[in-house]
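Colleague: for reference, the sequence and a predicted model appear below.
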Amino acid sequence: MVVSKPGLDEATKGKLLLILLAFFWGLSWPALRVALDELTPWATRLLGYSIGSATLIVLLKLQGRSFHIPFGRNWIHVFIAGMLNVVAFGLFGTFAQLSTATTRVIIINYSMPIWASMMAWMFFRERPNRWVAAGLALCLAGLTVLVYPVAAASMQEPTGLILAFLCALSWAAGTIYMKAFRIEGDLVAITMWQILVGAVVFAICYLIFVGPPVLEPLQARTWLGVAYSGFFGTAFAYFIWYNIIGKVSTATASLGTLANPVIGVIGSVIVLGEKLTAPDIIGFALIFAAAACVLLQPRPQAVGGA
């Protein structure tokens, strides 16, 4: 009698995918900064989003999933969500990295859950509970610790921090928009179309601000940075994320996303040689704690449910 070895259960698979996702999303920040040494922000995002959307198309085809989005208002919502989640996020985040340390951009960007909670209060009347209130207080304290020494040293350097903050706000706004206007269709397909919107917009911006493309030799590290950003930081990251949903609990998924900035900051220190100052460390700890308050807050239990 042959006894087959039991495979991994869905929850274990989901947790392993969360670890992989943390590396994909976290390391995409230093990878992008490497590419920016030779490429303009317009070119970097155009190439990254083009690779990402093309890869998602292949993955959708391989799984036999539908690309279809019902005509009408759904396409309007795809375009607006794409402008917030992809174009504004990519624009502010990329230019922020040219103006300040990547570690600071990552730290500020992952304050997003706080702003999403505040927007939910403004638009959906979801009253903030004590966890969200504590998170907001910690986040504001962390931002103050980060911004004050930089602003005191120079009136030019805060530009990068402001852009990073706008990056977090655009991400939060896109999340809230997607919640308010539920788009019909496959989640991976919806994401692919949004990224494709980003690629088209950045292609237009490239022609306007840079001009017709000129082929020039690039270092291998630049191509690796762009490829990592497109394949892993965009396509495979989103593909994995939507395949994780349903395999693990909301609390586990939320805990997993908290690993992203940790991996990103450590990766920036190793890959880019950036050094964390005392305010950076304190600010990171405060904003990380703020995000944890929101993402890991106790969920109300359903009454009479299974």
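Modeller: All right, it came through fine.
Colleague: only C-alpha atoms for contact and neighbour calcs from this point on.
Modeller: Will do.
Colleague: which residues touch stretch 177-193?
Modeller: Identification of contacts with stretch 177-193 by CA atoms under 8 Å, 6 or more residues apart in numbering yields 52-53, 56-57, 60, 65-70, 74, 77-78, 81-82, 238-239, 242.
Colleague: now do the buried residues in it.
Modeller: For stretch 177-193, burial by neighbour count (16 or more other CA atoms under 10 Å) applies to Y177, M178, I183, E184, D186, L187, V188, A189, I190, T191, M192, W193.
Colleague: please compute how far the helix or strand hosting L32 lies from its chain's middle.
Modeller: For L32, the element it lies in under DSSP states H and E is helix 10-35. Relative to its parent chain, helix 10-35 has a centroid offset of 11 Å by CA atoms, centre = their mean, to the nearest Å.
Colleague: buried set for it?
Modeller: Quick answer for helix 10-35 (16+ other CA under 10 Å): 14-15, 17-18, 20-35.
Colleague: that one packs against which elements?
Modeller: If you count contacts as 3 or more CA pairs under 8 Å, 6 or more residues apart in numbering; DSSP states H and E, helix 10-35 packs onto helix 89-99, helix 102-109, helix 220-227, helix 237-244, helix 250-257, helix 259-272.
Colleague: ok, and what's touching the helix or strand just after that helix?
Modeller: Downstream of helix 10-35, the next assigned helix or strand under DSSP H and E is helix 41-62. The contact list for helix 41-62 (CA under 8 Å, 6+ apart) reads 32, 35-36, 66-67, 90-91, 94-95, 188-189, 192-193, 195-196, 198-200, 202-203, 205-206, 226-227, 229-231, 234-236, 239.
Colleague: ok so, going back, hmm, which of the contacts of stretch 177-193 are the buried ones?
Modeller: Using 16+ other CA under 10 Å as the burial test, those include 52-53, 56-57, 60, 67, 69, 74, 77-78, 81-82, 238-239 as buried.
Colleague: let me know the closest of the residues you listed to L255.
Modeller: Y238 (16.9 Å; CA to CA).
Colleague: got the contact list for that closest one?
Modeller: V188, T191.
Colleague: quick one: secondary structure of S66?
Modeller: coil (DSSP: H, G, I helix; E, B strand; the rest coil).
Colleague: so that it lines up with my notes, have the first residue be 316 from now on.
Modeller: From this message on, residue numbering opens at 316, which makes the last subject S381.
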